[in-house]
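fold the following.
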Amino acid sequence: MTTTPLSRRLAAEAVGTAVLATVLVGSGIRAAGLSPDGGVQFLANVLASVLALALLIALFAPVSGGHFNPLVSAAAWWTGRRGGTGLTARELGGYVLAQLAGAVTGTGLANTMFERPFVQPSGQERAARHLWLAEGVATGVLILLVCGLVRSGRARLLPVAVAAWIGAACWGTASGSFANPALTLGRALSDSCTGIAPGSVPAFVLAQTAGAVAGLALVTAVFGPGPDRAPDDARDLVAPV
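Numbering: from 1, shown residues only. The predicted model follows:
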């Protein structure tokens with residue numbers, strides 16, 4: 001197989017993350033405008049977001065892996081570093097920058113579509129230990145799910161599986177399952193029901209990172225250290241070729 005040019009992979013990650021951020025933030029603004037009921041707003045926001053996530057992973061996975069999340073990219077780098085099946089450190093840096101740029105652009109696009117300033121810092125404080133714990137759990141299980149499916153040769157289930165977990169975690173965790181540093185940053189730039197105050201972002205990202213490390217440890221504990229090379233379907237989705 002030939003390696004997909006890095007420029008195309010970065011474009012896929014940027015576009016995919018931007019579209020995901022647009023739907024995530026935009027559906028929250030739309031739902032808040034249509035119903036005063038917080039439960040209805042949350043249901044609509046989660047449904048739109050998980051549908052978009054599944055479709056975007058399916059669309060972009062053959063090009064870039066469909067990560068849209070710096071911690072998923074970091075996991076792909078970490079788990080594939082021995083056998084040369086993951087991202088290189090340089091590629092990881094490019095992926096993270098593309099995802100961050102995409103999240104900011106997508107959030108700004110959503111704001112603009114709903115007649116708000118492109119950048120509108122959120123005033124919604126999310127700073128509490130139980131929220132940080134929830135972010136760690138949501139992110140840790142996400143990494144366990146992604147790497148576990150790849151390790152067990154079922155990587156083609158990832159579009160549906162990842163979307164299903166994010167939807168479940170949105171309802172089942174106290175934080176609403178941000179579980180993504182790029183989207184967390186993007187959501188800080190929208191003063192909507194999906195937002196997070198900029199001052200709350202560092203602790204959320206730290207909790208997500210700790211959860212990702214725990215998730216990688218669980219992958220090794222449950223599935224073992226893994227082979228030197230991943231199966232072809234795993235490379236297609238997590239370390240694309």
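
what's the single longest helix in the protein?
helix 6-34 (DSSP state H).

gap between it and the chain center?
Chain-centre distance of helix 6-34: 11 Å, with C-alpha atoms, centre = their mean, to the nearest Å.

show me where the protein has strands.
With DSSP state E as the definition, the chain shows no strands.

and the longest helix of the chain, what does it pack onto?
helix 38-64, helix 89-113, helix 181-187 (3 or more C-beta pairs under 8 Å, 6 or more residues apart in numbering; DSSP states H and E). Using the backbone N, CA and C atoms, a C-beta is placed for each residue, glycine as well.

list the buried ones in the first one?
Think helix 38-64. 41-42, 44-46, 48-50, 52-58, 60-61, 63-64 (16 or more other C-beta atoms under 10 Å).

what's the separation between the residue sitting furthest away from the middle of the chain and C193?
Here the centre of the chain is the reference, and by C-alpha atoms, centre = their mean the most remote residue is P36, at 27.9 Å. Distance of P36 to C193, computed by C-beta to C-beta, to the nearest Å: 11 Å.

please apply the same query to A21.
15 Å.

just give me the neighbour total for L185.
Number of residues near L185 (other C-beta atoms under 10 Å) recorded here: 22.

mind listing what it touches?
100, 103-104, 201, 205 (C-beta atoms under 8 Å, 6 or more residues apart in numbering).

pick out the most distant pair among those residues.
V104 and V205 (14.6 Å; C-beta to C-beta).

middle-most residue in the chain, spatially?
N69 (3.8 Å).

wait, L157 sits on V150?
No. Between L157 and V150 there is no contact under C-beta atoms under 8 Å: 9.9 Å.

circling back: what's the closest of the contacts of L185 to T3?
L100 (23.4 Å).

the nearest residue to that closest one once chain neighbours are set aside and L20: what is the separation?
For L100, ignoring the flanking residues on the chain, the nearest one in space by C-beta to C-beta, 6 or more residues apart in numbering is A182 at 5.1 Å. Counting by C-beta to C-beta, the gap between A182 and L20 amounts to 9 Å.
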